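> Quick one, what's the 3D model for this:
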Amino acid sequence: MSMNTTTTAAGTAWYDLALCAQTGPGFFFPEPGSSLRDAKRLCGACEGRVACLEYALANDERFGVWGGLSEAERLALRPRR
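From the prediction side, this is the model:
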């Protein structure tokens, strides 16, 4: 997974234990139109899921599966301005 390098190490400590760290990035950043089901299933079993989602929302990650949610699902969580 691509990590924003401006985030502190403490802010990404969850990544060391995350299941995605043991899986290739193509799994979480599939080609357009590909199924996200397997990536979401793996996220559902991950201890770092909540921290991962918080990271993605805080850093405006627009691509891939983060915290078990797709781009569209994360966009729906963002407050309307």
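> Gly64 contacts Glu71, correct?
Yes. Between Gly64 and Glu71 a contact is recorded at 7.3 Å, counting by Cβ atoms under 8 Å. Where you see a C-beta, it was placed from the backbone N, CA and C, and this is true even at glycine.
> tell me the contacts of the residue lying closest to Lys40 once chain neighbours are set aside?
Counting by Cβ to Cβ, 6 or more residues apart in numbering, Lys40 lies nearest to Gly68, which is 5.3 Å off, once chain neighbours are set aside. Counting by Cβ atoms under 8 Å, 6 or more residues apart in numbering, Gly68 touches Lys40, Cys43, Gly44, Cys46, Arg49, Cys52, Leu53.
> Next, give phi and psi for Gly68.
Main-chain torsions, Gly68, degrees, to the nearest 10: phi 80, psi 0.
> ok, it to Leu42 distance?
9 Å (Cβ to Cβ, to the nearest Å).
> what bridges to the residue minimising distance to the centre of the chain?
Taking Cα atoms, centre = their mean as the criterion, Trp66 is the residue nearest the geometric centre of the chain, at 1.5 Å. For Trp66, the beta-bridge partners are Leu69 (DSSP bridges).
> ok, Gly64 and Glu71, which is more surrounded?
Gly64 (21 against 15; other Cβ atoms under 10 Å).
> buried stuff in stretch 54-62?
Residues of stretch 54-62 classed as buried: Tyr55, Ala56, Leu57, Glu61 (neighbour count, 16 or more other Cβ atoms under 10 Å).
> Among those, which are located in helices?
If you go by DSSP state H, the buried residues of stretch 54-62 have Tyr55, Ala56, Leu57 in helices.
> correct me, but the first one touches Leu69?
The one in question is Tyr55. No. With contacts counted by Cβ under 8 Å, Tyr55 stays clear of Leu69, the gap being 12.0 Å.
> In contact with Val50, which residues?
With Cβ under 8 Å, 6+ apart, Val50 has these contacts: Gly67.
> What is the burial count for Thr12?
18.
> And for Gly33?
For Gly33, using other Cβ under 10 Å, the count is 5.
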